[in-house]
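Undergrad: Got a predicted structure plus its sequence, pasted below:
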Amino acid sequence: MKVRHPAARALASLAGGALLLSACSTGSSSDTSTDTGETTVITAGYEQEFSAYNNSTSGNATTKNQIVLNQVLPSFWEFGDHGDVKKLSDFGSYEKTSDSPLTVEYTISDKAIWSDDTPIDCSDVVLQWAAQSGKFPDAGFDPASTSGFDKMQQPKCAAGDKKFTIVYNEPFADWIAGIGGPTQQLMPAHVIERETGVASVIDAVTDNNAADLKKIADFWNTAWSFSPGELKKDIIPSSGPYQIDSWKAGESITLKANPKWWGAKPKAGTIVIRFIPQQGQAQALQNGEIQVAEPQPNPDVLNQLAKAGDQITVLKGDEFTYDHLTFNFNGQFKDETLRKAFALCVPRDEIVEKLVKPVNPDAKVLESRLLFPFQAGYDEYASTLGAEQYDKPNLAEATKLMAGRPTVTVRLGHIDPNQRRTDTTQLIKASCDKVGFNVVDSGSTTFHDDGGGLDAGNFDVALFAWSGSSLVTGNTAIYMTNGGQNKGHYSNPQVDQWLTQLEQSTDPDQQRELFRNIDKQLWTDLATIPLFAWPGVVAHSSDVTGVSYQPAQTGVEWNVQQWAVKS
């Protein structure tokens with residue numbers, strides 16, 4: 001599953017090498033002697049406010065929630081330093097025991113308990129499967145993705161069991177990331193049972209009890225979504241090193257070390273995540289208001305960080321995130337000719353030249369939605385997609401396609417405030433208004449991740465990004481008909497078939513060919529317009545250790561339990 005990156009670094013990926021700074025490092029900061037006392041407080045900045053404890057619903061699968069939940073709801077695996085799957089032995093273990101049928105045996109640690117002292121067991125696993133498998137459509141579960149879960153049989157275990165078996169009805173390429181993990185965390189079944197009056201989640205699922213399943217789905221979908229500052233501690237227990245302790249609306253959310261965590265104690269007793277717009281994070285870091293930041297890289301920010309010298313350490317690298325435009329197929333852009341005219345006037349080359357190359361001189365127009373410029377074989381792959389006709393504006397051809405139409409107003413939505421998104425929109429307007437469009441920067445007024453805009457289709461074109469990982473099946477929910485993350489309502493049966501084949505393929509060569517088929521068809525249909533993959537930057541006070549750059553969708557907070565302050 002991919003996660004929507006709501007604001008500045010929207011959901012995008014990283015292009016090749018970025019600018020080198022005097023205080024630049026390419027790996028994690030050195031972990032020398034540190035103050036590991038429970039009183040240690042480390043503050044990080046993030047541009048958007050937390051909104052949901054359940055990050056697996058279609059409306060809540062966003063980085064703003066993930067960065068809080070990384071070490072509040074960890075389970076069997078996480079994305080490691082290179083964006084690959086890293087098993088978490090503290091939580092449990094698992095191994096594939098058969099290929100035919102594909103079978104995986106899991107064991108939850110005997111020590112694993114929720115922070116309210118309830119054992120983590122089979123009930124939590126069955127809840128996740130029921131919610132994300134798509135097997136109970138009448139119940140109304142609203143997962144961001146069913147990928148993988150839709151191929152699983154119900155987990156084989158009983159109430160209280162710490163061991164369970166997953167049997168797949170067909171092969172699944174990313175089985176290693178099948179249960180638990182970031183963006184698809186195990187949720188506390190006992191909370192649902194207590195709050196809804198359902199006696200047993202396992203029994204409700206096993207018996208296909210329609211009434212109980214409806215109660216479970218309603219709670220899973222909505223009860224863990226919160227208004228700013230709303231904190232219901234009794235329904236949000238932790239399964240990791242930290243627990244959510246407090247939340248000041250519009251200001252910050254605070255994590256405290258979980259005293260019931262059975263693994264190694266986190267090095268800092270308190271992590272505070274302050275909600276600071278991207279353009280203010282570098283200054284806040286310099287001022288000492290925060291100690292860790294992941295600012296959107298632009299020349300001003302990089303120069304500002306460089307001037308801090310040895311006081312600030314800068315980490316840089318590639319990132320599985322890319323900016324793009326999504327068409328709303330339920331609106332006027334269901335018209336293929338209109339989509340093509342718009343694609344032909346979008347100045348992708350100018351956007352990269354003016355907004356990305358000043359940060360990353362090696363940046364290029366992104367041709368693919370599935371492969372990133374830093375991945376092996378990208379150049380050859382990209383040259384076969386037929387995307388080059390949209391690299392530069394073809395205003396003459398766009399004007400022909402628009403002939404005879406009245407001026408078409410286009411509401412282009414994106415999260416505010418975000419200067420690069422505003423600048424991108426202005427470049428698009430300057431070009432596309434010449435051929436018969438009237439591009440209106442509707443900003444956040446028609447783009448929200450709270451169900452009021454993007455999820456409700458309240459846009460003509462949406463400018464945002466997708467954050468992903470090294471997993472090959474992460475795009476299924478974006479481009480599959482009725483997929484949980486298919487915000488533009490795109491549909492093509494052939495693409496559906498290829499995505500299904502991709503999920504079942506374990507052959508890297510076949511996976512790459514399926515990528516190619518899907519990417520080419522998405523260009524033919526103009527489902528979306530990729531713009532650029534961009535480099536990421538993590539900056540932190542040099543007296544903070546343990547901060548590590550990571551290219552996947554979980555953000556710099558992926559390993560907060562390792563953060564510490566030098567003595």
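TA: Okay, I see it.

Undergrad: hey, let's count contacts and neighbours off CA atoms from now on
TA: OK.

Undergrad: Please identify which helix or strand holds E503.
TA: Assessed by DSSP states H and E, E503 sits inside helix 493-504.

Undergrad: If we go by neighbour counts, what in that helix is buried?
TA: Within helix 493-504, the residues that count as buried by 16 or more other Cα atoms under 10 Å are V495, D496, W498, L499, T500, Q501, L502, E503, Q504.

Undergrad: So which elements touch the helix or strand that that helix is followed by?
TA: Downstream of helix 493-504, the first helix or strand assigned by DSSP H and E is helix 508-525. Under the contact definition 3 or more Cα pairs under 8 Å, 6 or more residues apart in numbering; DSSP states H and E, helix 508-525 sits against helix 493-504.

Undergrad: Contacts for the helix it packs on, please.
TA: Applying Cα atoms under 8 Å, 6 or more residues apart in numbering, the external contacts of helix 493-504 come out as 147-148, 170-174, 472-473, 476, 479-481, 511, 514-515, 517-518, 521.

Undergrad: same check, this time on stretch 91-104
TA: Contact with stretch 91-104 is made by 74-76, 87, 105-109, 112, 165-172, as judged by Cα under 8 Å, 6+ apart.

Undergrad: so how far is the first residue of stretch 325-335 from its last?
TA: Stretch 325-335 has an end-to-end distance of 16 Å (Cα to Cα, to the nearest Å).

Undergrad: and that stretch, how far out from the chain's middle?
TA: Centre-to-centre, stretch 325-335 and its host chain are 23 Å apart (Cα atoms, centre = their mean, to the nearest Å).

Undergrad: Show residues contacting that stretch.
TA: Taking Cα under 8 Å, 6+ apart as the rule, stretch 325-335 contacts 338-339, 457, 459-464, 487-490, 527-531.

Undergrad: repeat that for 7 Å
TA: Outside of stretch 325-335, the residues within contact range by Cα atoms under 7 Å, 6 or more residues apart in numbering are 339, 457, 459-464, 488-490, 527-530.

Undergrad: K265 belongs to a helix?
TA: No: counting by DSSP: H, G, I helix; E, B strand; the rest coil, K265 is not part of a helix but coil.

Undergrad: Could you check how far the nearest residue to it once chain neighbours are set aside is from G83?
TA: The shortest distance from K265 to any non-neighbouring residue, by Cα to Cα, 6 or more residues apart in numbering, is to P241 (6.7 Å). Using Cα to Cα, P241 is found at 21 Å from G83.

Undergrad: neighbour-wise, which of these two wins?
TA: P241 (27 against 20; other Cα atoms under 10 Å).

Undergrad: Cross-check the contact I'm expecting between that one and G269.
TA: No: in this structure P241 lies outside contact range of G269 using Cα atoms under 7 Å: 9.7 Å.

Undergrad: Please name the residues that touch the residue nearest to K265.
TA: Contacts of P241 were listed using Cα under 7 Å, 6+ apart, and they are Q71, V72, A257, N258, W261, K265, P266, Q561.

Undergrad: Now for the fifth one: which residues touch it?
TA: Right, W261. Contacts of W261 (Cα under 7 Å, 6+ apart): G240, P241.

Undergrad: quick one: it and S89, what's the gap?
TA: Per Cα to Cα, W261 is found 13 Å from S89.

Undergrad: Can you give the strand pairings for the helix or strand where V104 lies, parallel or anti for each?
TA: Using DSSP H and E, V104 sits within strand 102-108. Strand 102-108 pairs in its sheet with strand 92-99 (antiparallel), strand 163-167 (antiparallel), by DSSP bridges.
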